[in-house]
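>>> Sharing a sequence plus its predicted fold:
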Amino acid sequence: MATQMNELEEHMALISQMYPGVYTQVAPQQGEPKPRRRRRKNKGADSGAAAAAKKRKLSDEQVQLLELNFGNEHKLESERKDRLASELGLDPRQVAVWFQNRRARWKNKKLEEEYSKLKTVHEGVVVEKCRLESEVLKLKEQVREAEKEIQGLTERIDGVSSNSPSSSSVLSVEAMEPPPFLGEFGVQGYDQDVFYVGQNSYIQGLEWMNLFV
DNA sequence: TCCAACATTCGGTTACATCA
DNA sequence: GTGATGTAACCGAATGTTGG
């Protein structure tokens, strides 16, 4: 029960966060518990019979008709309330109370449905985030390998040029094609600066992702 | 326009009935 | 007998309506 209440409170908090202004009434502040009200016991009905009459379960037929009316319209105008009450042989006050409680149950159910939908969406987002993170790791590994390859080539070029500095057949760094690895990921043709963060200034790990989460 | 009285709604709570 | 659960009834506050 307590767990259920906590969950419901979480739902409310979550939905209140997502839909500010939905709940216009001020929620009790945490840390200042509201004093518990004691309900008056059997106001004006001390006998057992009176108490039993005061709290009796509505019959299936009564509930059925009430449900039917609630399905048509959640609000209850006084005319409809009186008509329903006389049809059901109930006090109009009972009909009003039933509608109040029914609206509360309906609202709770909607909140639970909403929570469940949001939870599903959230789970999907988490899965996608993990997938993207692992893709980022793979890409970073490929960048490292490409850098090593560039480094090797540069050293080879340096070796050749120091042996024959005037040779016209020497490969120059400027003339070299850029490493093709970016094209592998469908980004060929983009300005390479988009992905360039400067040598030795890669953001470690996945910290950069936190900027967008 | 203001204000008081009354009605209605809502969120929260309590008390009772029922069931496992 | 007991705890969990569902629900009728109640309470207090907020809000709406109406008449003077």
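Arrived safely, thanks for sending.

>>> make it CA atoms for all contacts and neighbour counts henceforth
Fine.

>>> on contacts alone, who are the packing partners of the helix ranked longest in chain A?
Scanning chain A for the helix with the most residues, using DSSP state H, yields helix A:92-163. With contacts taken as 3 or more C-alpha pairs under 8 Å, 6 or more residues apart in numbering; DSSP states H and E, helix A:92-163 sits against helix A:2-18, helix A:78-88.

>>> Give me the local confidence score for A:Asn6.
pLDDT, the model's per-residue confidence, is 38 for A:Asn6.

>>> One more: A:Lys57?
Predicted confidence (pLDDT) for A:Lys57: 83.

>>> check contacts around it.
Counting by C-alpha atoms under 8 Å, 6 or more residues apart in numbering, A:Lys57 makes contact with nothing.

>>> From A:Arg103, how far off is it?
18 Å (C-alpha to C-alpha, to the nearest Å).

>>> From A:Lys138, how far off is A:Glu145?
As judged by C-alpha to C-alpha, A:Glu145 and A:Lys138 stand 11 Å apart.

>>> A:Glu112 now?
39 Å.

>>> who's more crowded, these two?
The residue with more neighbours, out of A:Glu112 and A:Lys138, is A:Glu112; 16 against 12, by other C-alpha atoms under 10 Å.

>>> and A:Val126, what pLDDT?
pLDDT, read off for A:Val126, is 97.

>>> For it, the count of nearby residues, please.
By other C-alpha under 10 Å, the residues close to A:Val126 number 12.

>>> With A:Thr120 instead?
The number of residues packed near A:Thr120 is 12, by other C-alpha under 10 Å.

>>> Who are the contact partners of it?
Counting by C-alpha under 8 Å, 6+ apart, A:Thr120 has no contacts.

>>> buried sites along stretch A:127-141?
Judged by neighbour count using 16 or more other C-alpha atoms under 10 Å, stretch A:127-141 contains no buried positions.

>>> Extract the CA atoms of that stretch and return them as PDB.
What follows is stretch A:127-141, C-alpha atoms only, in PDB (Å, rounded to 0.1, in the frame of the first residue of the first chain):
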ATOM      1  CA  VAL A 127      18.300   1.900 -25.000                       C
ATOM      2  CA  GLU A 128      18.900   4.400 -27.800                       C
ATOM      3  CA  LYS A 129      21.300   6.300 -25.600                       C
ATOM      4  CA  CYS A 130      23.300   3.200 -24.900                       C
ATOM      5  CA  ARG A 131      23.400   2.300 -28.600                       C
ATOM      6  CA  LEU A 132      24.700   5.800 -29.400                       C
ATOM      7  CA  GLU A 133      27.300   5.600 -26.600                       C
ATOM      8  CA  SER A 134      28.700   2.300 -27.900                       C
ATOM      9  CA  GLU A 135      28.800   3.800 -31.400                       C
ATOM     10  CA  VAL A 136      30.700   6.800 -30.200                       C
ATOM     11  CA  LEU A 137      33.200   4.400 -28.600                       C
ATOM     12  CA  LYS A 138      33.700   2.500 -31.800                       C
ATOM     13  CA  LEU A 139      34.100   5.800 -33.700                       C
ATOM     14  CA  LYS A 140      36.700   7.000 -31.300                       C
ATOM     15  CA  GLU A 141      38.600   3.800 -31.700                       C
END
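
>>> Since that was my last question, I'll sign off now.
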